[in-house]
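[1] dropping a prediction and its sequence here:
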Amino acid sequence: MTRRLETDEPAGDETRPEEEGTSLLNRRSLLAGAASMMGTIMLQSVTGSAEAATPVAQDDPTRVPGKIPSPYGQRSAFETATRKLRAQSASLTPLQDSHGILTPSALHFERHHNGVPTINPAHHRLLVHGLVDQPWTFTLDDLKRFPAVSRLAFIECSGNSAIEWRRPTGKTVQETHGLTSTSEWTGVALKTLLREVGMSPEASWMLAEGSDAAAMTRSLPLDSVLEEALVCYAQNGEPLRPEQGYPLRLVIPGWEGNTCIKWLRRLKLGRAPFMTREETSHYTDLMPDGTARQFTMIMDAKSVITAPSGGQRIQQGFIEIRGLAWSGRGRITEVEVSVDGGRSWQRAVLQDPVLPKCHTRFYLPWRWNGEDVILQSRCQDETGYRQPDHAALVAVRGTNSFYHYNAIQSWQIAADGRVSHVQS
Amino acid sequence: MCSRNILSVGLTVILSLGVGNLWAGETIDRQERTHRYGIGQAATDQELQAWNIDVAPTGEGLPPGQGTVQEGATLFAARCAACHGATGQEGPMDRLVGGAGTLGSQQPIKTIGSYWPYATTLYDYIHRAMPFSAPQSLSPDEVYSVVAWLLHQNGIINKDLVLNAQSLPAITMPNRHGFVQDPRPDVPKP
C-alpha cells in the first residue's frame, strides 16, 4: 500500500472518542504517520491502550540484523485488524481493513451452531450412503488421492446485513457486511465422489451433515449442486482452519454459507428433502403475507464500499473509493458508484481477476472537497440482475425475512470527514 | 448397480479410444464424467448405525420407543427450561410455544406451533442438537416425551397421545402449508 486514508487527528490525542470499530483504523493510520515522521514506534504511547505486547521497531532497521526464519509465519505485530465477535456463534471479517479479494484464513468470518469441534483428522471419516450402490467411507488420505480441484469463491452467511432491514444499524462495514469472505478452496469435486460410490439415478436430494455439536445438516438438491460443489480439505493453500470446518467441509460456490456444511462427516442421497430444522424453521425467509420462502440458497448480487466506510474519517483531497462486489449467480459485470446519494452514477474500475461467485474488487478515484456527501455502490451480474435499493427490496419482501438482505449501502461523509451509516 | 455398469462401460470406451493424455499407461478424464478410482472402503453396519440419525417427514429414521406429555413435562423442566423458559415461551433462547396467527404481522413470533411444518423435525433436531450443553444425550423415549410435551403446549396434540414412530409422522402441523418455493429474482429492476 502506498496510499492510505489518514485521520486528521494528531498523534497522541487521547480525547477522541474510541468508538468501537474505528479504533483499529485510526490506530493503524496514526502508526503509519508516526512511522514516517519519527522512524520509531511505540504503540502504547500512541494509543494509550493497555496492549499486551508493545512492539518496538528499530530506529534504523538497516543497522541491526533481523530475525531468523520461522517455522510458521505471523503478521507484523503492528497489524491489529481482527474479527469482531457477534454473540457466541459468529464473528465478522474486518472488510474495512481488507485489500484485494482474498480474505486471510485467520480473518474469514465464522458462523457455527454449537462451537468449533476439535477433530483428529486421522480418525475422521466421510460416510456416503442412501441411494448409492453400497454405503462407503473415505478417510482424509483417501479424499486427497482423488483429482484435486481448486477455485476461488466467496462464502456469505445468508444473515449477512440482516440487521439492516428496518433501519441503518451496523456502524462499520464489518458490522454491516462482515459475514462474507473469499478463499481459495481445494478438494475433490462432489460429482467425483458420488460417481465413485455409484449414485442411483433416483437420487435427487442430498443430506450433508457436520461432525459438530449441532450435527449441522442441510438438504441440497442434487441437480443444482452437482456441477460445482467441492468437498474441501484445504483453504488458501493449507488445511482448513478449525473454524472453517477442519478437516473437511462442503463448499457450494454462490450458495448461502450454512449449506457449505463444515466438519463434514456424512452425505446421504435420497428422493426428497429431509426437512431438517435448518431448512424448515431456521433458514427460511418470512414474507409479509405470513408465508415463508424455503430453499432460498443462492446469494444475490451485492456490493459495498469498504473505504471510506463507517467509523473512518477522511481528509480533503484525493480519495480512492474502494469496495467489494459479488454474486452467487456468476460474474460481476459492472459496479457503479454514486457520490451524491444516488442521483448520478459513475462506472468503477473492476480489478482483475473478475471471477464467478467470487469477491470482485472495485475502485473509483475521487476528490473530496469537504462537502457533506453520501457514497453508494451498486452492481450488476452476468445474469443482468441489478442490486436493488433498500426501498425496492423492502417493497417486495417486507422487513421480517431476515435473510438475503442485499440492498445498496449508503455511507454519509460529514463536513468534518467522519463517515457514518445512513439509509438513503 | 445399474449406474456402476454404465460407468465401467463408459470407462472402457474412453480407454479404448485413447482420449485424453496418456500418462503412466492410463487415461485420466479431468472432467470426471466416467471415472472410478477404486478409493475408499465399504461402510460397516456399526458406522452406519452410529451416524444415520436423520428423521424424514415420512417417519423414516424414527427409532423404536415412545413418550408421553406427562413425562415430557418433567424432562422439559429439568433439561430445557433453563434456556427456553418454564412454559417454552420465556427464553432466553428460542421461543418454542405460542405465536399462532402472528406470521403475517409486523411482529411475527416463529415457534414450533406457529412455524414448524413437520412434527418429525422435532425428533430429528432435539435428538441431534439438544440439550445445547449435552447434545445426543437424550434416550429415544426421552426425545419422544419432550416432543410430546412441546406439541401439547402448542395445542397440537391432546395430553393422552403416546408418541412413537407411528403416531409422530401422522401429526399435521398448523403451518404445514406455509412454505413456498424461492421465486427470485423477485425485485423489479431499477
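    Arrived safely. Note that the structure is a prediction, hence the values are computed from the model and not measured.
[2] just want the phi and psi numbers for the residue located most distally from the centre of chain A.
    In chain A, counting by Cα atoms, centre = their mean, A:Arg63 sits farthest out from the average C-alpha position, at 40.9 Å. Here is the backbone geometry of A:Arg63 (degrees, to the nearest 10): phi -110, psi 0.
[3] how close does it sit to chain B?
    According to Cβ to the nearest Cβ, to the nearest Å, A:Arg63 and chain B sit 54 Å apart. Yep, even glycine has a C-beta here, placed from its N, CA and C like the rest.
[4] ok, and the closest non-adjacent residue to A:Ser200?
    A:Leu131 (3.9 Å; Cβ to Cβ, 6 or more residues apart in numbering or on different chains).
[5] which residues touch A:Leu107?
    Shown in contact with A:Leu107 (Cβ atoms under 8 Å, 6 or more residues apart in numbering or on different chains): A:Ala81, A:Thr82, A:Arg83, A:Thr93, A:Pro94, A:Ser98, A:Ser181.
[6] tell me the pLDDT at the residue nearest to the fifth one when sequence neighbours are not counted?
    So the one you mean is A:Pro94. Leaving aside its sequence neighbours, A:Pro94 sits nearest to A:Ala81 (Cβ to Cβ, 6+ apart; 4.5 Å). What the model reports for A:Ala81 is a pLDDT of 97.
[7] number of nearby residues for A:Ala81?
    Number of residues near A:Ala81 (other Cβ atoms under 10 Å in any protein chain shown) recorded here: 19.
[8] phi and psi next, for it.
    phi -60, psi 130.
[9] state the distance from the nearest residue to A:Ala106 once chain neighbours are set aside to A:Leu267.
    Excluding the flanking residues, the one nearest A:Ala106 by Cβ to Cβ, 6+ apart is A:Arg241, at 7.2 Å. Distance, A:Arg241 to A:Leu267, by Cβ to Cβ, to the nearest Å: 22 Å.
[10] got the residue ranges for the strands in chain B?
    Remark: strands assigned in chain B by DSSP state E are B:22-23, B:26-27, B:41-42, B:179-180.
[11] wait, a strand at A:Leu126?
    Yes: assessed by DSSP: H, G, I helix; E, B strand; the rest coil, A:Leu126 belongs to a strand.
[12] now the terminal residues of stretch A:305-315, how far apart.
    Chord length of stretch A:305-315, first to last residue, is 17 Å (Cα to Cα, to the nearest Å).
[13] in contact with A:Gly130, which residues are there?
    Neighbours of A:Gly130 in contact, by Cβ under 8 Å, 6+ apart: A:Ala203, A:Met206, A:Leu207, A:Leu267, A:Lys268, A:Leu269, A:Gly270.
[14] A:Leu324: which element?
    Using DSSP states H and E, A:Leu324 falls within strand A:317-326.
[15] who touches that strand?
    By Cβ under 8 Å, 6+ apart, strand A:317-326 touches A:3, A:5, A:95, A:98, A:101, A:154, A:156, A:180, A:182, A:299, A:301-308, A:332, A:335, A:337, A:339, A:348, A:357-368, A:375, A:377, A:379.
[16] and for stretch A:169-177?
    Contacts for stretch A:169-177 (Cβ under 8 Å, 6+ apart): A:19-22, A:84, A:92-96, A:160-161, A:163-164, A:302, A:304-306, A:309-311, A:409, A:420-421.
[17] ok now it, how far from the chain's centre?
    12 Å (Cα atoms, centre = their mean, to the nearest Å).
[18] and it, end to end?
    11 Å.
[19] just the pLDDT at the closest residue to chain B within chain A, thanks.
    Relative to chain B, the nearest point of chain A is A:Gly290 (3.1 Å; Cβ to the nearest Cβ). On pLDDT, A:Gly290 comes in at 98.
[20] one more: A:Ala34?
    pLDDT, A:Ala34: 38.
[21] ok, A:Pro121 next?
    The model's pLDDT for A:Pro121 equals 98.
[22] same check on the one 10 residues further on?
    Reported pLDDT at A:Leu131 in the predicted model: 97.
[23] ok, it touching A:Gly198?
    No: applying Cβ atoms under 8 Å, one finds A:Leu131 not in contact with A:Gly198, separated by 9.4 Å.
[24] could you list the domains of chain A?
    A:1-60+A:73-80, A:107-292, A:302-422 (automatic domain parsing).
[25] how many residues are close by A:Ser344?
    As a measure of burial, A:Ser344 has 10 neighbours, counting by other Cβ under 10 Å.
[26] separation between the closest residue to it other than its chain neighbours and A:Leu324?
    Spatially, and ignoring its direct neighbours in sequence, A:Ser344 is nearest to A:Ser338 (6.3 Å; Cβ to Cβ, 6+ apart). A:Ser338 is 17 Å from A:Leu324, where distance means Cβ to Cβ.
[27] which one's more surrounded, those two?
    A:Leu324 (26 against 21).
[28] looking at the more buried one now. What's its pLDDT?
    So A:Leu324 comes in at 99 (pLDDT).
[29] verify the contact between A:Gly237 and A:Glu184 for me.
    Yes: the pair formed by A:Gly237 and A:Glu184 meets the contact definition of Cβ under 8 Å, at 6.9 Å.
[30] flag every residue of the stretch 101-250 of chain A that's near chain B.
    Contacts of the stretch 101-250 of chain A with chain B, taken as Cβ under 8 Å from any Cβ of the partner chain, map to A:113-114, A:125, A:127, A:129, A:133-139, A:142, A:145-147, A:189, A:191-192, A:195-201, A:207, A:209, A:213-215, A:217.
[31] A:Pro61: neighbour count?
    10.
[32] for the chain, which segments count as helices?
    Assuming you mean chain A. Under the criterion DSSP state H, chain A carries helices at the ranges A:23-38, A:43-47, A:140-145, A:173-177, A:190-196, A:222-225, A:277, A:390-397.
[33] I was after chain B.
    B:2-17, B:45-51, B:69-79, B:81-84, B:120-129, B:140-153.
[34] need those in CSV with mean neighbour count and distance to chain A, can you?
    Formatted as CSV, the helices of chain B follow (neighbours: other Cβ atoms under 10 Å in any protein chain shown; distance: least, Cβ to the nearest Cβ, whole Å):
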stretch, mean neighbour count, distance to chain A
helix B:2-17, 14, 4
helix B:45-51, 12, 5
helix B:69-79, 17, 16
helix B:81-84, 17, 12
helix B:120-129, 24, 4
helix B:140-153, 25, 12
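[35] in TSV, list these along with mean pLDDT.
    What follows is the helices of chain B, written out as TSV (pLDDT from 0 to 100):
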stretch	mean pLDDT
helix B:2-17	39
helix B:45-51	96
helix B:69-79	98
helix B:81-84	98
helix B:120-129	98
helix B:140-153	98
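[36] compare those and give me the one nearest A:Gln88.
    Among the helices of chain B, the nearest to A:Gln88 by Cβ to Cβ is helix B:81-84 (12.5 Å).
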